[in-house]
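Novice: what follows is a protein structure lacking sequence information:
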C-alpha cells in the first residue's frame, strides 16, 4: 500500500512544478511585451538612430565630421561638426528639452556638452535628451556635435571657451549604476595608507563635502584610481623623469643595458631576497643590478645605465618603502677621481628636477591642487650643497633638534636624523636637494672603495668614496666608487663577515680575477622616490603604477 505521506509529497511537487512553469511562461511573456514596447518606442522616435548602446560606431557618424581629442579643441573648430570619444563625467537635467553633461579625456581635460530637443534637422527628440542625461557616469561614449562658443566661460571644465552641441550620442561601454569609488572621491587626497581594510572616511582636510578613501580602497578600485586626474598627472611626470634621465646620459656617452631580474644567488650576499623555485633549483629576484653594472664595465663598456625593477624582501610597512620599485642605475669608468661619478649623478638629477619644472607645469599644478606642498628648492648653479658625512653630523649636533646633540660620525644616519638634517639644510642653504659624501665604512657595503687619504672618524673607522643624495629630507640615491682590485675586494668581503666562496660572491669576485677592471663607480636612484619627494607626496606608493608592499600583491 502506498504511503499517504509520499502521495501527498508527490502531489505537492507536481503542483509546485506546474506553478513554476506557469510563472516562467508569465515572465517570458512579460519580457517579450517589454521588448516589443521598447522597439515600438524607438521606432516611434524620429531620433532613434542618433543614440543608444552600440558596440561600434561604424557607419553611424556623418562623413564630414572630424575626429577630435578634447585637448585639441580650439577656436578653429567653432561651427564645425566633430566626433569626440570620452568618459561621461556627470550630467544634469535642465528641462525636458535640455540637458548638460561633461566629457573627460586625457587626465583632467574636460568639455561641456549640451543636448537640446529640436524638430529641425538634425532632429533631437525629448526621449534622446532624457536618455543622454541618464547615462551612467564613467561610461565611455562617442558623440557627434557642433562646436559652439558658450555665452560665458565654463569654469567647471578645462575647455572653458567652447562647448559641444550634441546631435548624436552612443554608449560604447556602459559603467554600472553604482561605482565602487566615484571620480570625486578618487581625486581627493589619500590620508590613510594603512594596510588594514578601512571604509570611506568622513575625515576630509580641505573639502569636507567629498569624503576621502584609503589607499586600499583606491587599489581595490584600480580603474577609478588611475582615472583620477591627480594620478594621471603623477604618471605623466614619472614618464618625463625617465625621458630626462635617459636623454641626459645618452648625450654624455652612456649606453643602456638590461640586467636580469632572475639570479642564481642572493645579490650582494644579503638575505632580504625573494626566493622562488626554478626547474628543481632555487632562484632569486634581484635586489640590485649592482654586480651586472660592474660586469658591463669589466666587459669593456665605459659608461652604462639601466632602468628596471628592483626587488627587496623587507617587511617595511612605511610610506617610503615598497617590495618592488623602479631603479635608475648608472656605472662609469673613473679617469681621475670618484667625484666624476658624483658630478654626473648630481648633474642628471638637477637636469631631471629642472626639466620637469619646465615640461610638466600643468601636471605639477594638478598634483598640488590635491596634495599641496612647498616649492621644491634647488641650489643655484655653482652653489650645490655637498657635505661630508662628518660635516652633516656636526651640523645636526649644533643646529638640529636637541635629541641629536650626540650623533656620531662613525654610525649610519637614522630616518629621523635624515629628516632633521634636511630641515637644517633647507633653512641654512635654501635647498631641498643636497649631497652627503664620505660615508663611514660601517655604513657601506663591501664593494665601497675606502678613502685611504682621509683621517678616520670615531673609534678608528675609515671613510669611503661613497655618497647619498637627498630630496626633501629623504634619500633618493646611493652611490660611490667601487673596489676594482680583486685582492682588496676579497679582503673587504672577509672584513664584512661574508664568505668569498659563497654562492654569488664567488662568481662576482671571479670576474675581477679574470681580467683587469678599470676604476669605476656609479649609483642607484629610486624613480618612485624622486617623483614622490619632488612633488611632496605623503607616500611613495602614490608614485608607483601598482605599488607592492608586504601586505599587498594586487592588483
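Specialist: In hand now; what should we look at? Quick caveat, the model's predicted, so the values are computed rather than measured.

Novice: can you give me the helices for this protein?
Specialist: Per DSSP state H, the chain carries helices over the ranges 4-43, 126-133, 183-186, 215-220, 222-227, 229-250, 290-298, 339-359, 361-370, 389-399, 415-429, 486-495, 505-514, 527-535.

Novice: right, and the ones you listed - which one's nearest residue 171?
Specialist: helix 126-133 (9.3 Å; C-beta to C-beta). Yep, even glycine has a C-beta here, placed from its N, CA and C like the rest.

Novice: would you list the phi and psi of the closest residue in space to residue 519 that isn't next to it in sequence?
Specialist: Residue nearest to residue 519 in three dimensions, not counting chain neighbours: residue 334, with 4.2 Å by C-beta to C-beta, 6 or more residues apart in numbering. Phi and psi for residue 334, reported as degrees, to the nearest 10, are phi -100, psi 130.

Novice: ranges for the strands of the stretch 401-550 of the chain?
Specialist: With strands called from DSSP state E, counting those that start in this stretch, the stretch 401-550 of the chain shows them at 433-437, 466-471, 474-481, 520-526.

Novice: cool, and the stretch 51-200 of the chain?
Specialist: 51-53, 66-67, 81-95, 98-105, 109-116, 140-148, 163-173.

Novice: quick revisit: how near is the residue nearest to residue 519 to residue 480?
Specialist: Look at residue 334 and residue 480: by C-beta to C-beta, to the nearest Å, they are 11 Å apart.

Novice: who has more neighbours, the two?
Specialist: Counted by other C-beta atoms under 10 Å, residue 334 and residue 480 do not tie: residue 480 has more neighbours, with 25 against 20.

Novice: residue 451 is in contact with that one, correct?
Specialist: No: counting by C-beta atoms under 8 Å, residue 480 stays clear of residue 451, with 9.8 Å between them.

Novice: wait, isn't residue 474 in contact with residue 419?
Specialist: Yes: if you go by C-beta under 8 Å, residue 474 and residue 419 touch, sitting 7.1 Å apart.

Novice: tell me which of these two has more neighbours.
Specialist: For residue 474 versus residue 419, neighbours defined as other C-beta under 10 Å are more numerous around residue 474 (18 against 15).

Novice: what are the phi and psi angles of residue 496?
Specialist: phi -90, psi 0.

Novice: tally of neighbours for it?
Specialist: Neighbour tally, residue 496, other C-beta under 10 Å: 16.

Novice: how about low-confidence regions in the stretch 151-300 of the chain?
Specialist: Residue ranges of the stretch 151-300 of the chain with pLDDT under 70: 195-209, 267-271.

Novice: hmm, 50 instead?
Specialist: For the stretch 151-300 of the chain, applying pLDDT under 50 flags the ranges 200-205, 207.

Novice: same deal with the chain?
Specialist: 37-38, 40, 200-205, 207.

Novice: residue ranges of each domain in it, please.
Specialist: 50-173, 183-227, 231-543 (automatic domain parsing).

Novice: nearest to residue 551, of those?
Specialist: Between residue 551 and the domains of the chain, the tightest spacing by C-beta to C-beta is seen for domain 183-227, at 3.9 Å.
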